[in-house]
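**Student:** next comes the sequence, and after it the predicted model I'd like to discuss.
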Amino acid sequence: MARRYSRGASKDVRGAMHRRKKGMLKSGRSGKTVKSRKQAIAIGLSEARRKGKKVPKRRSARS
């Protein structure tokens, strides 16, 4: 089975997690420091998407 996420995308997420741990990861809108692990992963994935790496599409909101 093929990888869902590219290795480059994994590196972006790892980098975001590292920046969160150091207290240097900021959210895009408010600019506040990110403390949530889930939010750090989401930021890392969106950075990977912006760079054009292989990342699955976002899940649509369930109705």
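**Tutor:** Ah, there it is. As the structure is a prediction and not an experimental result, all values here were calculated from the model. Numbering: from 1, shown residues only.
**Student:** torsion angles phi and psi at the most centrally placed residue in the chain?
**Tutor:** By Cα atoms, centre = their mean, the mean C-alpha position of the chain lies nearest to G44, the distance being 2.0 Å. Dihedral angles of G44 (phi, psi; degrees, to the nearest 10) stand at phi -60, psi -40.
**Student:** that one contacts H18, doesn't it?
**Tutor:** No: applying Cβ atoms under 8 Å, one finds G44 not in contact with H18, separated by 9.7 Å. For every residue, glycine as well, the C-beta is placed using N, CA and C.
**Student:** which stretches of this protein have low pLDDT?
**Tutor:** For the chain, the stretches with pLDDT under 70 are 63.
**Student:** try 80 this time
**Tutor:** By pLDDT under 80, the weakly predicted segments of the chain are 1-2, 59, 61-63.
**Student:** can you give me the helices in it?
**Tutor:** 7-22, 37-51 (DSSP state H).
**Student:** could I get those as JSON lines with distance to M1?
**Tutor:** Formatted as JSON lines, these follow (distance: least, Cβ to Cβ, whole Å):
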{"stretch": "helix 7-22", "distance to M1": "16"}
{"stretch": "helix 37-51", "distance to M1": "20"}
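**Student:** may I see the buried residues of stretch 34-46?
**Tutor:** For stretch 34-46, the neighbour count (16 or more other Cβ atoms under 10 Å) marks 34, 40, 42-45 as buried.
**Student:** what of stretch 5-17?
**Tutor:** So, applying 16+ other Cβ under 10 Å, buried residues of stretch 5-17: 9-10, 12-13, 15-17.
**Student:** which residues touch the residue nearest to the centre of the chain?
**Tutor:** 9, 12-17 (Cβ atoms under 8 Å, 6 or more residues apart in numbering).
**Student:** same deal with P56?
**Tutor:** 4-5 are the contacts of P56 under Cβ under 8 Å, 6+ apart.
**Student:** ok, back up a step: redo the buried residues of stretch 5-17 as CSV? Include distance to R49.
**Tutor:** What follows is those, written out as CSV (distance: Cβ to Cβ, whole Å):
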residue, distance to R49
A9, 8
S10, 13
D12, 9
V13, 11
G15, 14
A16, 12
M17, 17
